[in-house]
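return atomic coordinates for the entry below.
(one chain, ligands or ions: 1)
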Amino acid sequence: MTETLERTTTSEGFPHLTETLHTPRLKLRPFQVTDAPRVAMFAGDFDVSRMTARIPHPYSERDAREFIAAGAVGKALAIVHANGVIGAIGLEAVDNSRAELGYWLGRPFWGRGFVTEAGRAVIAASLRWCPTLTVTASHFEDNPASGHVLAKLGFTQTGERMMRSIARDQDVRALTYRLSRPATERSPSSRLPRP
Ligand SMILES: CC(C)(COP(=O)(O)OP(=O)(O)OC[C@H]1O[C@@H](n2cnc3c(N)ncnc32)[C@H](O)[C@@H]1OP(=O)(O)O)[C@@H](O)C(=O)NCCC(=O)NCCS
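Below you'll find the model as predicted:
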């Protein structure tokens, strides 16, 4: 895997997702406005949006263009397979030492290990440049596949809370997680708790 994630950091000191990562099967690159039709097609599927907190339903190409123009750059990377965007993965700053991992994949591509592969690359690159970063994540309780992805990535459950799903227009119980890493992978100054 070659990783060329830019070392630029945000004002909070987080790695900025502005360059391209390569994994065995995927390219993770910044979004382009030309991705909007495919983003709208996949994120417009209620079975995708209802598992996320922020994707509304219905979800139009215009929504996708706004996401790409306003929100995506630096926070999320497009997951690209065979030259087409199939999903998104991002790390969003929560405070100055913690970032929340988020992802979604178009339904035709579920179940092939793509998000796990993308997650490993984003986490590895981010921790290399920001070793003290605490990475958290969450998923709705009716989304065990996402819990399985997080377990494969090395996350452990920390609790649960109610979270808004915009697509469902309701609060849904969610399970919260934190990344645990073996001591050998942590820098001495890491703020991550011991697993
Ligand atoms: C959840 C999601 C990201 C998973 O992506 P993916 O690329 O299919 O995930 P992977 O193939 O890497 O791993 C999924 C794992 O969950 C397992 N799984 C699938 N459905 C499951 C279910 N209903 N219950 C338990 N495990 C399940 C799979 O078997 C696989 O595990 P395995 O590799 O040990 O066989 C994808 O389905 C998705 O985008 N869903 C809609 C949006 C979403 O949920 N985003 C995340 C919000 S927290």
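
can you count the residues close to residue 25?
Other residues near residue 25 come to 12 when the count uses other C-beta atoms under 10 Å. (Glycine included, C-beta is placed from N, CA and C.)

quick one, grab the pLDDT at it.
As predicted, residue 25 sits at a pLDDT of 98.

so it makes contact with residue 86?
No. Using C-beta atoms under 8 Å, residue 25 is not in contact with residue 86; the gap is 10.5 Å.

the ligand contacts on this structure?
For the chain, the residues in contact with the ligand (C-beta under 6 Å from any ligand atom) are 48, 51-52, 103-105, 110-116, 139, 143-146, 148-149.

picking up where we left off before, find residues that contact each of residue 25 and residue 86.
By C-beta atoms under 8 Å, 6 or more residues apart in numbering, residue 25 and residue 86 have these common neighbours: residue 114.

before we move on, the earlier item: so which of the residues of the chain next to the ligand are in strands?
Using DSSP state E, the subset of those located in strands is 103-105, 139.

residue 166: what's it in contact with?
With C-beta under 8 Å, 6+ apart, residue 166 has these contacts: 49, 53-57.

quick check on it: phi, psi?
phi -60, psi -40 (degrees, to the nearest 10).

per-residue confidence at it?
On the pLDDT scale, residue 166 is placed at 98.

assumed residue 158 was part of a helix.
No. Counting by DSSP: H, G, I helix; E, B strand; the rest coil, residue 158 is located in no helix; its state is strand.

which residues touch it?
By C-beta under 8 Å, 6+ apart, the residues touching residue 158 are 136, 176-178.

now tabulate those residues in CSV and tack on secondary structure and pLDDT.
Listed next are the contacts of residue 158 as CSV, based on DSSP: H, G, I helix; E, B strand; the rest coil; pLDDT from 0 to 100:
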residue, secondary structure, pLDDT
136, strand, 97
176, strand, 98
177, strand, 98
178, strand, 98
